[in-house]
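Chemist: Here is the input, now give the coordinates:
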Amino acid sequence: MLVDLDDVDDNEDANTEAPQPPSHHHRERVLAAMLHVFILKQAAACNVEKDSVYGAAVVMPQLARSAGWAPKLCVLALRSYLFLIMNCFLQWFMVYCLVKEEIVMDKYSGQMYLCNFAAKKSGCPEADGCLGPGGTRITPSRMYSYQQWNIQNFAKNSLLALFPEMVTEINEKVDPGEYGLESMECRLVCTFLFIVAVTQEFQKSLEILRLLYVIPAVPDSWITEFDDDELDEGNDDDPPVKLQIAGMPRMWKIINIITVFIPQLCLWHFTCRAGMVFLLETASIQDTIVNSTALTFILNIDELLFETLSTNYSKQMLEMVRGFPMVPKGCTEDLTTDHAILHVSGMERWNSRESVPQTALITVFWFLYFLWSYYSDHCHLSDDGVYISNPMHLPKSTVLSHISAFLPVRFPFPEQSTPYWVMPEEH
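Modeler: Next comes the predicted model:
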């Protein structure tokens, strides 16, 4: 079959001159890139908590300073610090009570640390690691809560004291059972979810530190006028002025670090540490699930106080405050072509840094840290490969100092030298 070369040349010229069709879903990708640029621009701005006493303590004094210390704004600034002090006291006291329960009151009740007692289920009662705190082999039918197990031990010890001649019969016929963990899986899941719930508070404290770092150390005004391109002439609901986070004098940065950032971060750390010990010391499945959700209430006290005690005037002013822009103005408004939009948004390339779930990694880190802290402080590895409680000593007093409650490693609570409980031998 013969082919006309002139026809081939004509076809090649036609293919060369014809415009290339657009890629599949090209317009949709451009729209997604525009949305990505907008979200990045909004997310890059440093802001404060608008529903918390911490955010009010940062914003209200700066608004009062910007207005020349107007009396009304000065009163609102003082109220914000009053609520901040109230919040710190309440959170501190709640965590202190949790620590006192674990360090003092549980020891006076004769309780040992739960550690991994009865965590091993397979192979019991014959396998290694099946000994309970009473020195007997653990079986499901002999598992009780600590309160019931303690009462049954008291009853048996009372019988032994009343009838010493019947020791053999009492040991054979009176079985107080054992105390231990009902579900290791439930314990790990609930403690992890607790850390997930409180990680956002940690990020909020870091956001305050980031804000204090990036804003200029100059006395800029936080009350300014709108620019011409920001005004909406047809909307009467727009505010008359703009509340914008701007520069802050260095003295106010130091004050905010001392009064806002450090207390918030310390209270978060103490709450997580005490909450993890409290959850890891909970044996039953039901109590573990309920307590894991109830503990987050402590870190929500700041939002509760702000919502309940703050005036609507203060709430509205915080809602009007705009974040400090991290993206220079105008760097994204000049994107007029599809190519420029896709290039700036990064839709045409893969960014390994953006694909890493940073929040998830932070959550896992803190979960492992507080879990390690519990086991290293209160438990040790037994000969059969199970974590059991350290020997328990009675406190010398019921008065727990605050410094011992929150810095137990540097300032240990005084205890008696003779232990009231050690891991018994198997009997």
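
Chemist: where's residue 148 relative to residue 390, distance?
Modeler: To residue 390, residue 148 is 24 Å away according to C-beta to C-beta, to the nearest Å. Backbone N, C-alpha and C define where each C-beta goes, glycine included.

Chemist: Poorly predicted segments of this protein, please.
Modeler: 1-44, 228-239, 327-356 (pLDDT under 70).

Chemist: could you pull out the strands for this protein?
Modeler: For the chain, strands defined by DSSP state E occupy the ranges 143-144, 178-179, 223-224, 242-244, 321-322, 379-381, 387-389, 392-395, 415-421.

Chemist: Mean neighbour count, these: which tops it?
Modeler: For the strands of the chain, the largest average neighbour count (mean count of other C-beta atoms under 10 Å) is found in strand 178-179, namely a mean of 24.

Chemist: Which strands border it, and is each parallel or antiparallel?
Modeler: Sheet pairing of strand 178-179 (DSSP bridges) gives strand 143-144 (parallel).

Chemist: how about stretch 45-64: buried residues?
Modeler: For stretch 45-64, the neighbour count (16 or more other C-beta atoms under 10 Å) marks 46-49, 51-64 as buried.

Chemist: again but with stretch 192-210, I slipped
Modeler: Buried residues in stretch 192-210, counted by 16+ other C-beta under 10 Å: 192-199, 201-202, 204-205, 207-209.

Chemist: Repeat that for stretch 250-265.
Modeler: Within stretch 250-265, the residues that count as buried by 16+ other C-beta under 10 Å are 252-253, 255-256, 259-261, 263-265.

Chemist: Check stretch 260-279 too.
Modeler: Applying a neighbour-count criterion of 16+ other C-beta under 10 Å, one finds 260-261, 263-279 buried in stretch 260-279.

Chemist: Likewise for stretch 162-182?
Modeler: Those would be 176-182, for stretch 162-182 by 16+ other C-beta under 10 Å.

Chemist: isn't residue 257 right up against residue 209?
Modeler: Yes: Residue 257 is within contact range of residue 209, at 7.5 Å (criterion: C-beta atoms under 8 Å).

Chemist: Find the residues that touch each one of the two.
Modeler: Residues touching both residue 257 and residue 209 by C-beta atoms under 8 Å, 6 or more residues apart in numbering: none at all.

Chemist: Looking only at neighbour counts, state which of residue 148 and residue 390 leads.
Modeler: When neighbours are counted by other C-beta atoms under 10 Å, residue 390 comes out ahead of the other of residue 148 and residue 390, with 16 against 13.

Chemist: got the phi/psi numbers for that one?
Modeler: Reported as degrees, to the nearest 10, the phi and psi values for residue 390 are phi -70, psi 160.

Chemist: Quickly note the distance from it to residue 103.
Modeler: 13 Å.
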